[in-house]
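> need a structure here:
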Amino acid sequence: MNDFFALYDALLEGVPDLPVLNTLSGDFWTGVETREGLGLAMTTPGDTAPRMLPQLDDSLSLKELSQGVKSWNFAEAGCSMAAINAGYNTEARLHQLQAREPFEHYCTRGLDLSGKRLGVVGHLNMPEFIRREAKEVWILERNPQPGGYPDSACEVLLPQCDVVLITASTLVNKTLPRLLALCTHAYTILTGPTCPMCPKLLDMGLDRLSGLVITNRPGMKEKITANLPGPPYPLGQPFLLTREHL
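Modelled structure (predicted):
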């Protein structure tokens, strides 16, 4: 990708200019709330670089708060990514785009993984059948678990993959542009609760977007502020956007 931030500019272009009601920060998730929705981003450690914005609260509009997604301060970028998702991941857009998807189908509905090498970037909460169907599964993480690979192995392994699932938290830590450059011959899926329901991303090296619209706001807000572990999928409605769908 010639312009490193082109993908981020595409995201920012579609963020509505709405009042921010609330910002929430926890050990696991960061949230931004408007009247229309509650956007999430995985909380990513890293608060050392200078911030772009004067503050991260409801004194800024949603569009203003979103601008920090380009920041190398990951605490700021995470809050801004949650703001972006508060604009995109709403029940109204879910209905408009007809993107509802049962979690059981996850992000691979209709894909034939048999005989395929599957790369998984990040710790993703996915049904076991996805692993069983693929010929080989390489899981790459910054802090790998037994059997997994360190994320530095992406440089070697991803170009060999047929299908790659990428956690959307890579938008926050700025690794997504490089990952997509390594996946030019693979079918790529951006997934997880941090994923924005932004169709423009399907023109920028991604084949599918699979994320979550929060439908139980009180439950999710408690999960954030009380640092409750576990995935947030029971508190929302998964979505799936594909090139074929659009």
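
> contacts for the helix or strand harbouring Thr30, please.
Per DSSP states H and E: Thr30 is located in strand 29-33. Contact with strand 29-33 is made by 20-25, 38-43, 62, 65, 78-79, 81-83, 85-86, 193, 217, 220-221, 223-224, 232, as judged by Cβ atoms under 8 Å, 6 or more residues apart in numbering. Placement of C-beta: from N, CA and C, glycine included.

> just the buried residues of these.
Those of those that meet the buried threshold are 20, 23-25, 38-43, 62, 65, 78-79, 81-83, 85-86, 193, 220-221, 223-224, 232, by 16 or more other Cβ atoms under 10 Å.

> next step: those residues restricted to strands.
Among the buried ones among the contacts of strand 29-33, the members falling in strands (DSSP state E) are Thr23, Leu24, Ser25, Leu38, Gly39, Leu40, Ala41, Met42.

> just to revisit the earlier point, give me the distance between the strand holding Thr30 and the centre of its chain.
Counting by Cα atoms, centre = their mean, to the nearest Å, strand 29-33 is centred 13 Å from the centre of its parent chain.

> buried residues in it?
Buried residues in strand 29-33 (16+ other Cβ under 10 Å): Trp29, Thr30, Gly31, Val32, Glu33.

> now swap in stretch 157-168 and tell me
With burial defined by 16+ other Cβ under 10 Å, the residues of stretch 157-168 counted as buried are Leu157, Leu158, Cys161, Asp162, Val163, Val164, Leu165, Ile166, Thr167, Ala168.

> quick check: mean pLDDT of it?
Averaging pLDDT along stretch 157-168 yields 96.

> how about stretch 6-25?
Regarding stretch 6-25, the rounded mean pLDDT is 96.

> how long is that stretch from one end to the other?
27 Å (Cα to Cα, to the nearest Å).

> before we move on, what about stretch 143-154?
Note: stretch 143-154 ends 13 Å apart using Cα to Cα.

> residues contacting that stretch, please?
Against stretch 143-154 from outside (Cβ under 8 Å, 6+ apart): 119, 121, 123, 138-142, 157, 175, 178-179, 182.

> any idea which of these is least confident?
Lowest pLDDT among the contacts of stretch 143-154: His123, with 80.

> is it true that that one lies in a strand?
No - using DSSP: H, G, I helix; E, B strand; the rest coil, the assignment for His123 is coil, not a strand.

> quick check: bridge partners of the residue nearest to it when sequence neighbours are not counted?
Leaving aside its chain neighbours, His123 sits nearest to Glu141 (5.7 Å; criterion: Cβ to Cβ, 6 or more residues apart in numbering). Under DSSP bridges, the beta-bridge partners of Glu141 are Pro150.
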